[in-house]
Each structure stands twice: as structure tokens, then as C-alpha cells.
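A.B. asks: The sequence isn't on hand, but the structure is:
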């Protein structure tokens, strides 16, 4: 029997804010332990939470980018469970009335549904020693958005594509940096398998502790195989939570259904509901950036780029913006794309070239003032110094020789000095002309217009 | 006349004119505490040396410049312990000021010490305290009421000029009634809760104990106002409560809820309350009969909502970040031991009740239903206040009972809060003022107002107080 | 509201609330809470099918603060309150789930 997997993902994303969700402590990664704390985020007796407006706004923005319905009335709840990383031993979260409902993440050829997005507070970070554990509350209270998907994924690849596309949208919108290494994006999965063709879902198993994208991939691949093998043996799955062990490459039971938490959700009395007015929604909507999918399509249409170029350029919002500024000042957007992709990607952060200067460089090549080879040198200097293309060309005296009379003299010299190549060419070896061309370039100290040299040589050799 | 018998306004005026220094007043108060607190046991912690230093440094010109104020041991004061009368907070030193404390400091008040209470404000007798029971200054064998029993007893015994307390279901008004002082519970949202250790977040409110109504008005104008640190604090301007006192009660409509004059009530208490109403009528007020039909459900609603909220609020006491810890074999065992031995029986009982009311399968039946009946109780008050300006009732059905008399029967104890609980459920304001004696023990008159209408409540109380002398009675200690 | 009074499982609820109780407490609480629970069944007398629940005593919405970072509290002060610390962390017996 053939089996297929059914995968749903719960993604936690730390929002990019200056301060925590319910207090004014700064959000930062890598600070000295317990230095970004206050009575509120330490859960001291008597403290009260106050909502961070920007966190609410970024969650709504995420919802708009992902096509969710934004709840006009949304509220806060307490989720009760004891754990040392939880300062109050309850987490302020949203239970039955989250900020965003529905929506989807587009991957190539498919839309993967989103169930809901809600806002909550992150927990502290624990360190484990031989007999004790230590807790650092710096992270406690960081705004955390939970995005719950529909069980729409059928393969590990689809889950990977979902995460990649989701990250792209959230980074593009400035909502989060989504760096998994820093714990800014964390992912749990619900996995089940069923015979192909069966409608009903199998018993779902929750997988936790996948700390990298590759971890997610490996954990899902492992878990799907494990469940299929079990199904083939005729074993029934029982609802449970399993932990991914990245080193061992296996999942193991964390808790069974009988030990599932009884979270005792109830409305948070210390926080008032959020009501999203038409005006507020319109204001946030105006900040929704163009989604990567739409932008790729536009790049192909507007700049006549191949799909590949569009995809590479759009992958990084800053690169895409740079490209657009450069292309706007150029008659050759494809050439701009080539320069950006081959010369700028990977060292974009150090780039000193203004977008319009790149357009000027391309124009200098297209206008025949400098050769492609010269252009590489000019580019290197532009990159390092930020000087303009024309300035550098002038300074270096790099003007290409396109004077046909001068080039004819050099061509005669080359032909006279290399009778063997001339003979080869005339005998039908067309590539022999390249050697002669190289000789002319050498005689011109690299300044000859290579295209023109080729034309002159061809004419003379045919004579 | 000894300085410690003065009211806040009297003392403040004497300090202002230079007749008395803050140090003299503070020293007089400390002497009084030294001589009587051995019997009353109102204080958990005294700030003696520091109080005198504060007095010397007291800011001139503040509304309370140089006046010592006692604080219920449930409100955080930077650098002071805050035990909530619980073993579980042993060793805890507050690293921050509650908003009301900041406001008191800004007004120039001296923070003289911390008063006893029922553990985590859970109780009606101050018997549930890890520090031991506070005694009623009128009869040391009786309870002072609770949960703010220490604050009430301290003011009644002239061991404090004024004190702050907290009221979740009557914890200011009931002890004020039983000790014979003025206890004001402001409207929910009027005074910031930031820094008040939460019992039931949707019901808790900080208020004052004073020797008379003028002092209550003065303190309210100091501690109330919008606080950006408390999301439930209401952004409304603070009126001049003292100025509003003099307006009298002519034409004021006083609502008498028929459900509050019940059979089984102490007849002397009822008689005193009826006499007080007659006095208000003689001053020009009118009486209207009203009905609060869901009164009988208030105790049940209260004990489900308050305990459910408390079960979450008290989860943070786990021995990780502060307080006492009893080490166990692992984390769960450590939690269980720490909390099992750190909390007293009443707190544990309520945490269990609240946890149960929220647990899977019971939420709708208990918690949600209680929240719905809470709506009905709130609507009762809205309808009643369409017909009247204030509602007048007894604060308690009986006077102070003997220590130990009800401690074996929690339900009986809960039912003694029957007249005060609805006000918290509805979120309104209320005050208890002395209105006589039964069996030589003080009786409290409760005046309930519309939300944010403390002015009318206080002026009614003031008119009555001006026409009577009950508030001048003092216990002999 | 559940009428089956035999179902109140103090041990389960005490564990949820992380309260270790003595046997005597277990027995005492069980009967006292049973008593209270049967008292609160009086709420069943009311028809609340069309009543909205009250979660807050005041009708405020959108109480928000600007996203501005403020200085944190001195670490020594908060660590001083902790029963056990090391390496500037709050220490607990080893956490294993």
C-alpha cells in the first residue's frame, strides 16, 4: 500500500521590536544573562502587562501580507502551565479570538493554508548542567507571533518550501529577521500518514525541538518514514508529542496524550481587548510591501528579465530595491541584473556604488567607450571607493580606441608578424582569428575596441 | 492631646504652620505603636529608623508633607519586604515602588510600616496570616475583619494616621466597619493596581483607611489617576474630592435594596443602619426602595471568579526568582514542596477551587457561567442607579466575631462578605463609615456609588459624619 | 453545572496547581470544597443563555504603549532575591521533561 504524509506546521516568529511585548525592556540577542529584565518580565509580585503597539501592528501586517482576515475584536488569555522558563507560570497568549484568521502561503504551484496567527510572549532561555538548570530571562517577554498552518503539506519538500516562502514574506515585510540560529524563528510540526486516497487523517504526532531548517527537513523525513514503516507493520499511532534529537537523527516520545497539558485558558483580566478600526487597518495596509511572488512577476514583465534573474534579485528585498533604482536609470536592465548577480551578491553590504553609477557603467560599455574587461577594473574601483564610473574612466585614461585608421595599422602589424595564424585561418580554422585579435589588443595596450578589431581583421584576411 | 490621635488633615495643617514637626508626629506614632501594638498586632514590619529619616527629609508643600501612612503588606515599596502575610515570600525585598507608593512619596508621605492581613488578601478576619492574628482594638478577643485587618486596626487604635489597603470582595469596607473607621474602596480603574500583589485582578482595588471622611477624600485625591503601567486604569481626570464634600445631601436619592435587609441580620446592626438612614433623610435626602435581584448569587459568582484568577496570579510563587524554596528531588517536586509548605490552608483551598473551576471540562459550567451571572449583577446596579444617586446598606450583617469562631467553616466565612462582594463584581465604589455600636462593637454603614462617582459617596458620608459623633469614638487600650 | 459530586479529584487538581498536600489536607479540602461546589450550583437556577460574560469591570479597548526600550533593573538586585543563583542565572534542580 502507498502512504502519504499529512504535515501541519506551527511556526513561532520573534517580532522585530525595540522593546518587549508587555514591558519596556530591550529585545536583543546575546546580551549578558539577566540584564534585559525588569519586575514585569521577571513576573514579580504586583506587576502588570501593557501591550506593545508595534507588536500588534506587525502581527496585523503579517496577517495582511499572508491574506488573513484581520479580527476586528481580539482578546488576550492566560495559558496556565508551570515551567521554570515561564516567569508567571502562565503565558499571555490569545486563545479563541486571535488577531488573524485564515490566509495562505504561496509556494510554486500551490497555496498552503494558514489557520490563524496570534500574538504571545516568549519564554526565558534555560541552560542545563549536570544536576541543575539555570534560567536567563532576557528573552522572556519578547513578542512572539505564532503562525499555525492547515494540514496542507504532503511532503518534506512542501514543508521546506512553506518555511522558505513564509520567511521571505516576513523578512520582506520587516516583521522579523527570522534567523533560526538566533531562535527568531522556531518550528513545531504535526505529522501523520495515511494510505493514498484515504480522506480521513491519521493520528497526529507533534514534533518539537527542530532548531534549524535542515533539522526540520531531517526530522520530518525521519518521522514520515517511521510512521509509514509502523503503518506497514500494522501498528496504530497514538497521539503524542515527540522530540527531535538532531545529533542522533531520531524522534523520541516526550509526552503522551494522558500527560497532555490542561492549560486552563481564561481571559486575561489585566489586558483590554484589541479593536482594529477601519482607519488603523487602512494605515497598516498602506505599509504592506509588494509580496515576493508579485515582485518576481513584475521584474520579468517590467525589465524583461529571465525568471531566474527575477528570483535571485527578489530573494533579498534590499538587493531588489537597489536593482530597481539602477535599472530605472538604464536602457539595459538585463546588463544591470548581470552585474548585480555576478558582482554584487554576497558582498552587497560593503557596496559603495550608487545605483545610478552602475547604470552609468553599463552605459559606458554599451556606448563602446570601454570594453567589458576594462569595465571589470572600473567596477572594482567603484566598489571600493564609491567614485563615479566616468570619473574613474577619465582618471585611468581608459578610453577605448575605436579609431578605425589607427586600428588598421595595428592589424597590419599583427598579420605581418604571425603568418602561421593567417595561414590557419585561411585554411578554414576560424578560431585562429582570436589569436590575431589578441595580438592587436596587446599592441593597443588593451585599449582597442575588440569588436571593431574583429571586423577589421576579418575584412583584411578575406582580402 | 497626643499627636497620634490627630487626623491626617489636622496633622498636615499643624506641620504646615510649623506648630509640629514631622519628626515629632512620627515619633509620637512610633511611641503609640510601641505601647499598644503588642496587644493589637497590627504591624508586620516597622520602618522606625528610616521613618524618622524620611520625616526629617520630608518634602515641604506636598499634600501629605510629613504625614506617616501605613501600608498593607500586599503593596510593593522599594527596598521594603512585601510578605503578603505568607511564608512563601520570606526574604523577598521589593525592588520597585507601586504606583500608589510613588504618588504618596511625591505628596510627601512617610512610609512608616507594613500592616498585617489575611495571606494574599484571602480572608475576612486576618486570621490567615503567617504573622499571627491581628486583634480588634475594641475587643482583643475578636477579629478586626479582613483581609486588611491590620490597616483597619492600626487606624482605629491610633497606631496610624491613615493606611492603605486593598479590597477584592470587601477587604477594606468590612474591616473598617468592624474596627470603626472609614474605609473607602474606589471604583475599579480609579486607582492604579501596579505594585499591588494581585489576588483577583478583575476585582482588586487599592483604597484607604482613615479616621474621618475628609481624610478619605484627601487620600483618594493623592492616590487616584490614570497610570500607563496599569492597562485597566481609566484615563479620567481626578476631581477635587475634598472640595466636593461640602455640597450636602439635600435632594439626594438614597436607594435601599430590599435584598440587603434580611432576616437573620443582627437586630442592633439593622436598627443602627435604619437610624443612620433616618438621619440622612433628616438632612434632606430622599429614600427610594430599589432591588438588586441577583444579590443572592454574588457570593457564588465571587468565589468562582476570584479563585480562578487567583489560581493563575499565585502561580508565580514557585521559588525560582524570589521568596522561599523547599528543595525537592526535581523541578516538579520542588514546586510542589515550595508551594505546599509556603502557602497557608485558605490560600491552598482557594487555589484548588480556582484551578478546578478552570480545568478541562468544567470551564463553561463554573467560570464562564459565573462571568455571565456577573453581568446580571452589574446590570442590577445599572438599573438601580437609574433611580437613585447612592445605595445605602449595612456593611456587614453582624459586628466583629470571636477569633476562631468561623475558621473551621470556610463557606460560613465567605457568606459574611455578602453585602460587600457585589460592589466589586459590578466595579462600583463604596465606603464604610461608623454608624453606631452593637454589643459595644462598631457598626459600619456602607454607601455605594456609581462608577467614578466617589464625590457623591464621600459627600453623603461627610454629611452623615458631620451630623454624628460616632467617628470620634476610640477604643480604650 | 456538574452535579456528580463524587468527581472532585483533589489530588489531580492539586497536582495541576503544583501544591503538595498532606493526607489530612487532602481529606479536609475534599469535603470543604465539595461543600462549596454544591453551594455554587445555585447559579444553575439562572438562565444565562443570552447573557454576555463580564471579563472586565471597565469597558476599555486598545490600551497600548509605544515601542520604546527603557533601562532594565540592576541585575544584582533581582539575583539577590533568588533562592539560588550561579553564573548570573536563576538556578533550579535540573529541568527534564
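C.D. replies: That came in fine, so what should we check first? Every value quoted in this text rests on a predicted model; they were computed, and no experiment measured them.
A.B. asks: Can you tell me the number of residues neighbouring residue 14?
C.D. replies: By default, I'm working from chain A. Neighbours of residue A:14 under the rule other C-beta atoms under 10 Å in any protein chain shown: 23. To be clear about C-beta, it is placed using only N, CA and C from the backbone, and glycine gets the same treatment.
A.B. asks: my question was about chain C
C.D. replies: 23.
A.B. asks: I'd say it and residue C:30 touch.
C.D. replies: No. Judged on C-beta atoms under 8 Å, residue C:14 makes no contact with residue C:30 at a distance of 10.2 Å.
A.B. asks: Need the single longest strand in chain C, by residues.
C.D. replies: strand C:89-93 (DSSP state E).
A.B. asks: quick one: it near chain B?
C.D. replies: Yes. With C-beta under 8 Å from any C-beta of the partner chain as the measure, strand C:89-93 is seen reaching chain B through C:90, C:92, C:93.
A.B. asks: Stretch A:141-154 too?
C.D. replies: No. Using C-beta under 8 Å from any C-beta, stretch A:141-154 stays clear of chain B, coming no nearer than 13.4 Å.
A.B. asks: quick one: the spatially most central residue of chain A and chain C, what's the gap?
C.D. replies: In chain A, the residue lying closest to the centroid (C-alpha atoms, centre = their mean) is residue A:168, at 4.1 Å. Per C-beta to the nearest C-beta, to the nearest Å, residue A:168 is found 24 Å from chain C.
A.B. asks: Contacts only, for the closest residue to that residue other than its chain neighbours.
C.D. replies: Spatial nearest neighbour of residue A:168, excluding adjacent residues (C-beta to C-beta, 6 or more residues apart in numbering or on different chains): residue A:292 at 5.0 Å. The contact partners of residue A:292, by C-beta atoms under 8 Å, 6 or more residues apart in numbering or on different chains, come to A:165, A:168, A:169, A:172, A:314, A:315.
A.B. asks: Residue B:163 now?
C.D. replies: Residue B:163 touches B:69-72, B:115, B:148, B:150-152, B:154-155, B:208-209, counting by C-beta under 8 Å, 6+ apart.
A.B. asks: Residue A:417 and chain B, how far apart?
C.D. replies: Taking C-beta to the nearest C-beta, one finds residue A:417 at 87 Å from chain B.
A.B. asks: from the contacts of residue B:163, which ones fall inside strands?
C.D. replies: B:69, B:70, B:71, B:72, B:115, B:208, B:209.
A.B. asks: could these be laid out in TSV, adding distance to chain A and pLDDT?
C.D. replies: Formatted as TSV, these follow (distance: C-beta to the nearest C-beta, whole Å; pLDDT from 0 to 100):
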residue	distance to chain A	pLDDT
B:69	18	98
B:70	18	98
B:71	12	98
B:72	12	98
B:115	16	98
B:208	18	98
B:209	20	98
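A.B. asks: circling back: please tell me the pLDDT value assigned to the residue nearest to residue A:168.
C.D. replies: Predicted confidence (pLDDT) for residue A:292: 83.
A.B. asks: and if you look at residue A:156?
C.D. replies: 96.
A.B. asks: Could you do the one 4 residues further on as well?
C.D. replies: Predicted confidence (pLDDT) for residue A:160: 95.
A.B. asks: host element of it?
C.D. replies: Using DSSP states H and E, residue A:160 maps to helix A:156-172.
A.B. asks: just checking, next helix/strand downstream of that helix?
C.D. replies: Helix A:156-172 is succeeded, C-terminally, by strand A:185-195 (DSSP H and E).
A.B. asks: Whichever helix or strand comes after that following strand versus strand A:185-195: what angle between them?
C.D. replies: For strand A:185-195, the following helix or strand on the C-terminal side (DSSP H and E) is strand A:205-210. Comparing the axes of strand A:205-210 and strand A:185-195 via axes from the mean of the first three to the mean of the last three C-alpha atoms, to 10 degrees yields an angle of 150 degrees.
A.B. asks: Tell me who's in contact with the residue nearest to residue B:206 when sequence neighbours are not counted.
C.D. replies: Excluding the flanking residues, the one nearest residue B:206 by C-beta to C-beta, 6+ apart is residue B:191, at 4.7 Å. Contact analysis of residue B:191 by C-beta under 8 Å, 6+ apart lists B:100, B:205, B:206, B:207, B:220, B:223, B:224, B:225, B:233.
A.B. asks: element containing the third one, please.
C.D. replies: Same thing as residue B:206. Going by DSSP H and E, residue B:206 is in strand B:205-210.
A.B. asks: Packing partners of that strand?
C.D. replies: helix B:149-156, strand B:162-167, strand B:182-185, helix B:213-223 (3 or more C-beta pairs under 8 Å, 6 or more residues apart in numbering or on different chains; DSSP states H and E).
A.B. asks: on contacts alone, who are the packing partners of the first one?
C.D. replies: When you say that, I think you mean helix B:149-156. strand B:43-46, strand B:68-72, strand B:110-115, strand B:162-167, helix B:173-179, strand B:205-210.
A.B. asks: hmm, back to that, my read is that the residue nearest to the centre of chain A contacts residue A:311, right?
C.D. replies: No. Using C-beta under 8 Å, residue A:168 makes no contact with residue A:311, being 10.6 Å away.
A.B. asks: for stretch B:421-432, the distance to its chain's centre please.
C.D. replies: 11 Å (C-alpha atoms, centre = their mean, to the nearest Å).
A.B. asks: quick one: is that stretch near chain A?
C.D. replies: No. Contact of stretch B:421-432 with chain A (C-beta under 8 Å from any C-beta) is absent, the minimum separation being 11.8 Å.
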